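In: no sequence on this one, just coordinates:
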C-alpha cells in the first residue's frame, strides 16, 4: 500500500509540474555597439550611427516546468539591423540561441517569471561599399548573456499572451572586411517583446 501511495505521488506531481510551453513573437531592441558605430561613422565621414539604435527581433521559446517554482527554457532569437549611408550599406543578422533558467510565480490565468541564461552567438554582416560595389559577406561567432522578465496572461483555454523585457550583453567577436576595416560586434541591448504562448 505504501509503494502505491509513493508511486501515485510521483505520477501526480509529474503531471502537474511537467508542463511544456511553446511561444513566439516579435519585438524591438535598443542597442549600442560602440566599435561598429565607430567603423561606420569613420567610413562614411559623418555621424550616421547613433550611440543607441533600434533593431527588430523575432523569437521562439520552448519551456519545461521542472517543478512549481522553476523552469528551464531554450530561446532562439533572430535579430536584424541595417544602416544605409552615402558610402556604405551594412546589414547585420544575429542568431541568438540561449539556454535560460527561470524562477516563476503562477496563479489562475497568469504566470510571472524571471531568469537568466547564456548561449551561442552567430553574427553575419553584409557590406556594400558605394552603390555600385559588390556585396561582401562576413561572419563571426561567440557567446552572449541574457536577463529576462516575462508575464503571461490567459487569452483562452491554454493560450496566453506574453509581454517580456530583456537585457543582453553579446560578444560575437571581430570582423575583418576586405577593404581593410576591422570592427567587433560586441553589444549591450534592452529589448521589449510581445507574443503568444501555449501551455501543453
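Out: Okay, I see it. In this text, all values refer to a predicted model and were calculated from it rather than measured experimentally. Numbers count the residues shown, from 1 in each chain.
In: And the residue nearest the centre of this structure?
Out: Nearest to the centroid of the C-alpha atoms of the chain, with distances taken as Cα atoms, centre = their mean, sits residue 77, at 3.9 Å.
In: so how far is the longest strand seen in the chain from its chain's centroid?
Out: The strand of greatest length in the chain, counted in residues with DSSP state E as the criterion, is given as strand 135-156. Averaged C-alpha coordinates place strand 135-156 at 0 Å from its chain's average position (Cα atoms, centre = their mean, to the nearest Å).
In: That one pairs with which strands, and in what direction?
Out: Sheet neighbours of strand 135-156, with direction, are listed as strand 110-129 (antiparallel), strand 159-171 (antiparallel) (DSSP bridges).
In: what bridges to residue 107?
Out: The partner residues for residue 107, given DSSP bridges, come to residue 110.
In: Could you measure from it over to residue 68?
Out: Taking Cβ to Cβ, to the nearest Å as the measure, residue 107 falls 11 Å from residue 68. For the C-beta atoms, the positions are set from N, CA and C on the backbone; glycine is no exception.
In: now for the strands paired with strand 135-156, which one comes closest to residue 197?
Out: Set against residue 197 and scored by Cβ to Cβ, these come closest in strand 159-171, at 4.9 Å.
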